[in-house]
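Asks: What follows is a predicted structure for the sequence shown.
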Amino acid sequence: MTSADTRTRCDGADCRKKTAGPAELAAPRLRLCPGCLHLFTGRLRQLPGLYAELEEVLSAGPSTEGRERTTGGPVPSGLPFNAAAADVRAEILATLGSWSGLVVTQRGVPAPERTVRALAGLLMRHAGWLAAHPAAADATREVARLERAAHRVARRETLRRVSVGDCVAPGCTGRLVTVVRDGGADSGAGIQCDADPSHAWPGRLWTELRRALRSGQDGGQDGGQEGGQEAGSPPQERWLTAGDVARLWSTPTGTVYRLASEQRWRRQTRAGRTYYAESDVHECFVRRSGAGT
């Protein structure tokens, strides 16, 4: 069998978005085609410059349209500040730092300085290794998303309110909603009731809310156990993708893969995708929160 016979479809973010035409094949022993690998390294090369440009945008002032007011109130008018630019800069540094941490941990190379230029440089030098890693699809998607967010940050943000379900607070008739930022970096938005703002939960508690929602839909049958589960039986394990974990716990995907390896989370593979045991993930982040990490 030749190497061409064992090549699979490219996992790159750009190839996965294609809905028509022939599928690109990944290079031998890699998960990315040459085109997606070139785009990946090119975007990494652009990020330090975009990061510097966003520093200039910081003084352009906030965009009031499309942004939600925070409980702390607006930034004083005497101190112009573009919060969107600050958010994307923080996402660039955190995401590159997360993926660099994965490279340093698994390849045993020295850690770079925590600057965007040094982190991007490390990832470019190890782009071939990342292209063969099971996380290649997530790496290309996150870097592409950061580049788009950096280019679009000067434009008005579009916020979508997504309905989650009925509020789980006793006696409340409101609906639970979360705010999704289109085209921007994932902010890990929480979940809030549209009738009572005090009914609010961070995104990482979505799994508990989902259990409460299903219990309410079942009318509290079976002693409140989800899915008709008998009272006293162990709870049914749920399985989360790395993307699920990243969104629910507001953690860069690269850090998720590193923690999964270090903490030996139980995992399953379905149709080529890896899923992690929610209970292992939950215990890991509870420990990290208690340790202040």
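Replies: Good, I have the coordinates. Numbers count the residues shown, from 1 in each chain.
Asks: per-residue confidence for Arg31?
Replies: pLDDT, Arg31: 87.
Asks: quick one: it and Gly128 touch, right?
Replies: No. In this structure Arg31 lies outside contact range of Gly128 using C-beta atoms under 8 Å: 11.1 Å. To be clear about C-beta, it is placed using only N, CA and C from the backbone, and glycine gets the same treatment.
Asks: With neighbour numbers in mind, choose between these two.
Replies: Higher neighbour count among Arg31 and Gly128: Arg31, with 23 against 15, using other C-beta atoms under 10 Å.
Asks: doesn't the more buried one fall inside a helix?
Replies: No. Counting by DSSP: H, G, I helix; E, B strand; the rest coil, Arg31 is not part of a helix but coil.
Asks: And it, how close does it get to Ala271?
Replies: Computed as C-beta to C-beta, to the nearest Å, the Arg31 to Ala271 distance reads 15 Å.
Asks: for Arg175, same thing?
Replies: Arg175 is 33 Å from Ala271, where distance means C-beta to C-beta.
Asks: Need the pLDDT of Leu44.
Replies: Leu44 is given a pLDDT of 95.
Asks: Over to Val256?
Replies: For Val256, the pLDDT comes out at 90.
Asks: So it sits against Leu240, correct?
Replies: No. The criterion here is C-beta under 8 Å, and Val256 misses it with Leu240 at 9.4 Å.
Asks: CA atoms of the helix or strand hosting Arg148 as CSV?
Replies: In this structure, Arg148 is located in helix 136-152 according to DSSP states H and E. Extracted in CSV, the C-alpha atoms of helix 136-152 (Å, rounded to 0.1, in the frame of the first residue of the first chain):
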residue,chain,number,x,y,z
ALA,A,136,-4.8,20.1,14.3
ALA,A,137,-8.4,21.0,13.3
ASP,A,138,-8.9,23.0,16.5
ALA,A,139,-5.5,24.7,16.1
THR,A,140,-6.3,25.9,12.6
ARG,A,141,-9.8,26.9,13.5
GLU,A,142,-8.8,29.0,16.5
VAL,A,143,-6.0,30.8,14.7
ALA,A,144,-8.3,31.5,11.8
ARG,A,145,-10.9,32.9,14.1
LEU,A,146,-8.4,35.1,15.9
GLU,A,147,-7.2,36.5,12.6
ARG,A,148,-10.8,37.3,11.5
ALA,A,149,-11.6,38.9,14.9
ALA,A,150,-8.5,41.1,14.7
HIS,A,151,-9.4,42.3,11.2
ARG,A,152,-13.0,43.0,12.1
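Asks: Can you give me the buried ones in it?
Replies: Using 16 or more other C-beta atoms under 10 Å as the test for burial, helix 136-152 gives 136-147, 149-150, 152.
Asks: can you list contacts of that helix?
Replies: Residues from elsewhere that reach helix 136-152, judged by C-beta atoms under 8 Å, 6 or more residues apart in numbering: 11-14, 16, 30-32, 36, 39-40, 43-44, 46-47, 50-51, 53-54, 88, 91-92, 95, 99, 130, 133, 183-186, 242-243, 252-254, 257.
Asks: okay, and for the stretch 51-200 of the chain, where does confidence drop off?
Replies: 59-81, 154-164, 179-189 (pLDDT under 70).
Asks: got the phi/psi numbers for His126?
Replies: phi -110, psi 20 (degrees, to the nearest 10).
Asks: can you count the residues close to it?
Replies: Residues near His126, counting by other C-beta under 10 Å: 19.
Asks: Tell me which stretches of the protein form helices.
Replies: 13-16, 34-57, 83-107, 116-125, 127-132, 136-152, 206-217, 242-248, 253-263, 278-291 (DSSP state H).
Asks: ok and the last one relative to helix 253-263, angle-wise?
Replies: Helix 278-291 and helix 253-263 are oriented at 100 degrees to each other (axes from the mean of the first three to the mean of the last three C-alpha atoms, to 10 degrees).
Asks: So what touches helix 278-291?
Replies: Contacts of helix 278-291 (C-beta under 8 Å, 6+ apart): 204, 207, 237-240, 245, 249, 251, 259, 263, 265-266.
Asks: before we move on, the earlier item: could the helices of the chain go into CSV alongside distance to Ile191?
Replies: Listed next are the helices of the chain as CSV, based on distance: least, C-beta to C-beta, whole Å:
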stretch, distance to Ile191
helix 13-16, 27
helix 34-57, 29
helix 83-107, 19
helix 116-125, 32
helix 127-132, 33
helix 136-152, 22
helix 206-217, 6
helix 242-248, 11
helix 253-263, 20
helix 278-291, 17
